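Visitor: here is the input, now give the coordinates:
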Amino acid sequence: ELKVIGEEVSEELHVVPARVEVIRHVRRKYACPTCEGNVKTVPAPAKLLPKSNASATLLAYVATAKYQDALPLYRQSQIFTRHGAHLPRNTLARWMVQTGERLLPLIETLRKQLLNAPLIHMDETTLQVNQEEGRKASATSYMWVQRGGPPGQQVVLFDYDPSRAGRVPLRLLGDYSGCLVTDGYEGYAEVVRRNDITHAGCWAHARRKFIEAQKAQPKNK
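Guide: Numbers count the residues shown, from 1 in each chain. Okay, here's the model as predicted:
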């Protein structure tokens, strides 16, 4: 008879596909058995969107897929259909608009914390918007990002604007007067001057110039 003398362990990656579930909240009603009046019902649980059947987890799932993973809503609708849930694109779009409105107080709270930081990083990157009133789909728009705060409590905020003009950092920074780290774009000059901000350069962009200069050198030197 053989006896166990050890073991060999092998591992493989495994994925559990997403599944759609229905969560039922059953709230019992109570009434006086004598007069059949004074009806009482357990309060409904709080919801991010009170008049929808979307849970907070579902809304976070759709928002992450759209804004973090660049998965359009019409494709998400098709994926949900494969999972047995009929969620039209216009329903998902309405949820995202309503969720953004509901999260505004949280965003403003985060912005206040960000503007209290002694140092803020700021940058802007191009963004294409297919349907925007008064603008062509080929027009260039921008997503502005701000990051600041102590380690472990950093705030990262994204803000869309069709312009790259200096009025945008003026709007986003308000009366902030700490230290601002940017890539040297001239659009930050006005807010730096007005608020007496300490303007710091980005080391990554400074290093890039040396790398470009090195590549431009003749091969035989």
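
Visitor: who's in contact with the closest residue in space to residue 169 that isn't next to it in sequence?
Guide: Distances taken as Cβ to Cβ, 6 or more residues apart in numbering put residue 191 closest to residue 169, at 4.6 Å, once the chain neighbours are dropped. C-beta: built from backbone N, CA, C; applies to glycine. Each residue near residue 191 by Cβ atoms under 8 Å, 6 or more residues apart in numbering is listed here: 166, 169, 170, 173, 180, 197.

Visitor: ok, 10 Å please
Guide: Counting by Cβ atoms under 10 Å, 6 or more residues apart in numbering, residue 191 makes contact with 122, 166-177, 180, 197, 199.

Visitor: please give me every residue in contact with the nearest residue to residue 76 once chain neighbours are set aside.
Guide: Distances taken as Cβ to Cβ, 6+ apart put residue 65 closest to residue 76, at 5.7 Å, once the chain neighbours are dropped. The contact partners of residue 65, taken as Cβ under 10 Å, 6+ apart, are 18, 71, 72, 73, 75, 76, 79, 92.

Visitor: of those residues, closest to residue 128?
Guide: Distances from residue 128 to the contacts of residue 65, taken as Cβ to Cβ, are shortest for residue 72 (12.7 Å).

Visitor: my read: the closest one touches residue 96, true?
Guide: No - under the contact definition of Cβ atoms under 10 Å, residue 72 does not touch residue 96, with a separation of 11.5 Å.

Visitor: are any of the contacts of residue 65 buried, and which?
Guide: Applying 16 or more other Cβ atoms under 10 Å to the contacts of residue 65, the neighbour count classes 73, 76, 92 as buried.

Visitor: need these in TSV (columns: pLDDT and distance to residue 25).
Guide: Formatted as TSV, the buried ones among the contacts of residue 65 follow (pLDDT from 0 to 100; distance: Cβ to Cβ, whole Å):
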residue	pLDDT	distance to residue 25
73	96	27
76	97	25
92	97	22
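
Visitor: in helices only, show me those.
Guide: Among the buried ones among the contacts of residue 65, DSSP state H puts 73, 76, 92 in helices.

Visitor: for residue 4, state which of those is nearest.
Guide: Nearest to residue 4 among those: residue 76, at 49.1 Å, using Cβ to Cβ.

Visitor: touching the worst-scoring helix or strand of the chain on mean pLDDT from outside, list them.
Guide: Lowest mean confidence among the helices and strands of the chain (mean pLDDT, DSSP states H and E): helix 203-216, at a mean of 85. Helix 203-216 is contacted from outside by 123, 181, 182, 183, 184, 185, 202, using Cβ under 10 Å, 6+ apart.

Visitor: out of the residues you listed, who's the most crowded?
Guide: Highest neighbour count within the contacts of helix 203-216: residue 182, with 21 neighbours (other Cβ atoms under 10 Å).

Visitor: was I right to think it contacts residue 166?
Guide: No - contact criterion Cβ under 10 Å: residue 182 and residue 166 do not qualify, at 11.8 Å.

Visitor: shared neighbours of these two, which are they?
Guide: Common contact partners of residue 182 and residue 166 (Cβ under 10 Å, 6+ apart): 188, 189, 192.

Visitor: what's around the closest residue to residue 23 other than its chain neighbours, how many residues?
Guide: Nearest in space to residue 23, with sequence neighbours left out and distances taken as Cβ to Cβ, 6+ apart, is residue 55 at 6.4 Å. Per other Cβ under 10 Å, the neighbour tally for residue 55 reads 16.
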